[in-house]
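>>> The sequence and its predicted three-dimensional model are supplied below.
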2 protein chains.
Amino acid sequence: MSIKVAIYGYGNLGKGVECAVKQNDDMELFGIFTRRDPAAVKPLEDNVKVYKADEIMNFKNDIDVVIICGGSATDLPEMTPMLAEHFNVIDSFDTHANIPQHFANTDAAASRGGKTAIISVGWDPGMFSLNRAYANAILPVGHDYTFWGEGVSQGHSDAIRRIEGVADARQYTIPVPAALERVRSGENPELTTREKHTRRCFVVLKDGADADKVREEIVTMPNYFDEYDTEVNFITAEEMACDHSNLPHGGFVIRTGTTGFDNEHNHVIEYSLKLDSNPEFTASVLAAYARAAVRINKKGDTGCKTVFDVAPAELMNITPEEMRAHML
Amino acid sequence: MSIKVAIYGYGNLGKGVECAVKQNDDMELFGIFTRRDPAAVKPLEDNVKVYKADEIMNFKNDIDVVIICGGSATDLPEMTPMLAEHFNVIDSFDTHANIPQHFANTDAAASRGGKTAIISVGWDPGMFSLNRAYANAILPVGHDYTFWGEGVSQGHSDAIRRIEGVADARQYTIPVPAALERVRSGENPELTTREKHTRRCFVVLKDGADADKVREEIVTMPNYFDEYDTEVNFITAEEMACDHSNLPHGGFVIRTGTTGFDNEHNHVIEYSLKLDSNPEFTASVLAAYARAAVRINKKGDTGCKTVFDVAPAELMNITPEEMRAHML
């Protein structure tokens, strides 16, 4: 029987989940729940039902798992515990500093309701976290490095858009190749912020805006840009629409470590992602963990989990026998 | 309380486990069990106890987990089920075609004894298998590629040593860079054996041996070399000892896949290892899974497992709270 998935929130991430569910033949989309007027929401497929967000409580017995596609700042801290009491849920909560609190709130709600929640699912947190964990377990003596990009940072793009005279902006975070090579060589460098990443900005100016002034405001912006080497390019609205409409991202998780009686042997474990669409890839990770949440709940294991608590077999759409025969 | 680890079999892998246990501060080495004369076995550390292999049955209550360091051809199919009835065990069984049978035998024995066994632990099978599984779960529409090397293949080195006139040999498997690049580009190439890997051989000849004849025998050897581009280099015994005494290895697991309504976005997930010492790295993976076997057994989950069945948290020497706060 198919796993019935509900999407709660329908922006870029929710659309990605709609696509991801289609790729998994053991899942079907129950419907989309939105805080907007349902009539104004156009799913990618015509036959998908769209409901008002609070109608979801009418379908407690019909939905196997809810994938919550809200923002980490204000949506998820409220939505995830609220829904976790009544449904198995997945979210992509990514405010690292607040994860312990979000975990505690969600764990209390899910435990109360006998449901299973998996939070902070995606690629960072998510697949990158997993790779940090495995690499640390295997090589207890070593160093961790995470590089992000090449990819669009929404937060940095938004920060540029708030500058007077800016009509639109897109900011790419780019790992410095020389820093990556130093890490891979096993020299265990201490890298400054500036040495690890550069920031490349594409900006559309409003009529009459002063380019030099905008450039200066960007490169000196505290926290966002002042500690980086920042490149600012001015382009037309047409170029922006044509060349920068996708949301690529990715990055590298590297652990270098040593083994041997005198730690004389070096090892490099590297995991990397190169993603054409950040939200669609994140959505694909969410879909795999949605399968796991349903299975884990059926085994009676309730409460809040993270990717660390989920055995890889729970994610897979093949039997344990097939896994051992073909994937091990 | 420390996890008491026994090493069963003391070759390169067993020595690696001795080093790995030293790096994990929640583990201690109970002792080494050998089929050789214990007096002839010299552990790396002086205070390590060495016992005859069959004495292990006297220590059923003293050992938390046995790491079995035998060969996959004849040792492990016998040793692992035999020991799994009485101890939690880990092995690195790597004869892919026989994994289902080895799993069934070990599962029956471990279940009978109320013990937990984890088989086929290492990097391939092991970490590479995990990465194939995660990537397939996330990107159901895509292609898998595994490349091995640059590293020493023991089986191919042994095959060369059996040729008349050869005193010693070392064979390196090397991934073809152009093939790697084609895979990473997302073009989903169909690659022949010859296109994926080359084989580089270093050979020490016996006095009076015919180099041309040895070279011809190598490059035409069925299965081992005839389907590859093979390079043969003749060197002195001194060069062999000086330049080829380590056992480096590694490789790449890559999955390319698509997402989006029309599968219009490409993604590349890549995991790679660059290892100075194949046996020491494998041993480090075994040690991490030894921790997991003990924990899983304490939870009452008995029988045979593989890396697919073990949640990452079970491998970690930090608490779930620390994991969520610092690694997620």
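That came in fine, so what should we check first? Residues are numbered from 1 along each chain as shown, chains lettered A, B, ... in the order given.

>>> Which parts of the stretch 151-300 of chain A are helices?
When assigned using DSSP state H, counting those that start in this stretch, the helices of the stretch 151-300 of chain A occupy the ranges A:154-161, A:177-184, A:193-196, A:211-219, A:237-243, A:278-298.

>>> Out of these, which is the most enclosed?
Mean neighbours per residue, mean count of other CB atoms under 10 Å in any protein chain shown, is largest over those for helix A:278-298, with a mean of 25. From N, CA and C alone the C-beta is placed, and that goes for glycine too.

>>> Show me the residue at the heart of chain A, geometrically.
A:Gly122 (3.8 Å; CA atoms, centre = their mean).

>>> Could you say which helix or strand holds the nearest residue to A:Ala283 once chain neighbours are set aside?
Of all residues not flanking A:Ala283 in the chain, A:Gly16 sits nearest, at 2.9 Å (CB to CB, 6 or more residues apart in numbering or on different chains). A:Gly16 belongs to helix A:12-23 when assigned by DSSP states H and E.

>>> where does that helix sit relative to the chain's centre, distance-wise?
Its chain's C-alpha centre and that of helix A:12-23 lie 14 Å apart, by CA atoms, centre = their mean, to the nearest Å.

>>> What of stretch A:4-19?
14 Å.

>>> what's the answer for stretch A:308-326, then?
With CA atoms, centre = their mean, you get 22 Å for stretch A:308-326.

>>> List the neighbours of it that are in contact with it.
Under the contact criterion CB atoms under 8 Å, 6 or more residues apart in numbering or on different chains, stretch A:308-326 has outside partners A:24-26, A:118, A:129-130, A:133, A:288-289, A:291-292, A:295-296, A:327, B:99-100, B:103, B:130, B:133-134, B:136-138, B:140, B:306-313, B:316, B:320, B:323-324, B:327-328.

>>> among these, which are in strands?
Those of these mapping onto strands are A:Ile118, per DSSP state E.

>>> Select only the buried ones of the contacts of stretch A:308-326 in ChimeraX?
A single ChimeraX command selects the buried members of the contacts of stretch A:308-326 (16 or more other CB atoms under 10 Å in any protein chain shown):
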select /A:24,118,129,130,133,288,289,291,292,295,296,327 /B:99,103,130,133,134,136,137,138,140,306,307,308,309,310,311,312,313,316,323,324,327,328
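
>>> correct me, but the residue nearest to A:Ala283 touches A:Val285?
No: contact criterion CB atoms under 8 Å: A:Gly16 and A:Val285 do not qualify, at 9.9 Å.

>>> residues contacting A:Val48?
So A:Val48 contacts A:18, A:29, A:31-32 (CB under 8 Å, 6+ apart).

>>> Please flag which of these sit within helices.
Here DSSP state H is the test, and these give A:Glu18 as lying in helices.

>>> Can you list which of the contacts of A:Val48 are found in strands?
Short answer: the contacts of A:Val48 in strands (DSSP E) are A:29, A:31-32.

>>> okay, those in a markdown table with neighbour count next?
Compiled in a markdown table, these are given as follows (neighbours: other CB atoms under 10 Å in any protein chain shown):
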| residue | neighbour count |
| --- | --- |
| A:Leu29 | 21 |
| A:Gly31 | 21 |
| A:Ile32 | 23 |
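
>>> Which positions in the stretch 51-200 of chain A make contact with chain B?
Residues of the stretch 51-200 of chain A lying close to chain B (CB under 8 Å from any CB of the partner chain) are A:96, A:99-100, A:103, A:120, A:125, A:127, A:129-134, A:136-141, A:184.

>>> Just the pLDDT for the residue nearest to A:Ala283.
If you check A:Gly16, the pLDDT there is 98.

>>> contacting residues for it?
A:277, A:279-284, B:259.

>>> any chance of those residues in a markdown table, with pLDDT too?
Shown next, in a markdown table, are these (pLDDT from 0 to 100):
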| residue | pLDDT |
| --- | --- |
| A:Ser277 | 97 |
| A:Pro279 | 96 |
| A:Glu280 | 98 |
| A:Phe281 | 98 |
| A:Thr282 | 98 |
| A:Ala283 | 98 |
| A:Ser284 | 98 |
| B:Thr259 | 98 |
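
>>> Distance to A:Arg36 added to those, as TSV?
Shown next, in TSV, are the contacts of A:Gly16 (distance: CB to CB, whole Å):
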residue	distance to A:Arg36
A:Ser277	22
A:Pro279	18
A:Glu280	21
A:Phe281	25
A:Thr282	21
A:Ala283	19
A:Ser284	24
B:Thr259	24
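
>>> what about A:Ser120, which helix or strand?
Short version, using DSSP H and E: A:Ser120 is in no helix or strand.

>>> thinking again about what came up before, go back to the ones in strands among the contacts of A:Val48 and keep what's next to chain B.
Okay, of the ones in strands among the contacts of A:Val48, nothing touches chain B (CB under 8 Å from any CB).

>>> So which of these is the closest to chain B?
A:Leu29 (13.0 Å; CB to the nearest CB).

>>> which one is the closest residue to chain B within the stretch 101-250 of chain A nearest to, not counting chain neighbours?
Of all residues in the stretch 101-250 of chain A, A:Ala137 sits closest to chain B, at 3.8 Å by CB to the nearest CB. In space, A:Ala137 comes closest to B:Leu315 once its chain neighbours are excluded; the distance is 3.8 Å by CB to CB, 6+ apart.

>>> give me the number of residues near the one you found?
Neighbours of B:Leu315 under the rule other CB atoms under 10 Å in any protein chain shown: 22.

>>> pLDDT at it, what is it?
98.

>>> check contacts around the nearest residue to A:Gly14 once chain neighbours are set aside.
Spatial nearest neighbour of A:Gly14, excluding adjacent residues (CB to CB, 6+ apart): A:Cys69 at 4.0 Å. Residues counted as contacts of A:Cys69 (CB under 8 Å, 6+ apart) are A:7-11, A:13-14, A:17, A:92, A:283.

>>> Mind checking which of those residues are buried?
Buried among the contacts of A:Cys69 by 16+ other CB under 10 Å: A:7-10, A:13-14, A:17, A:92, A:283.

>>> Go through those residues and name the one nearest chain B.
A:Ala283 (7.5 Å).

>>> about what we covered before: mind checking how far the residue nearest to A:Gly14 is from chain B?
15 Å (CB to the nearest CB, to the nearest Å).
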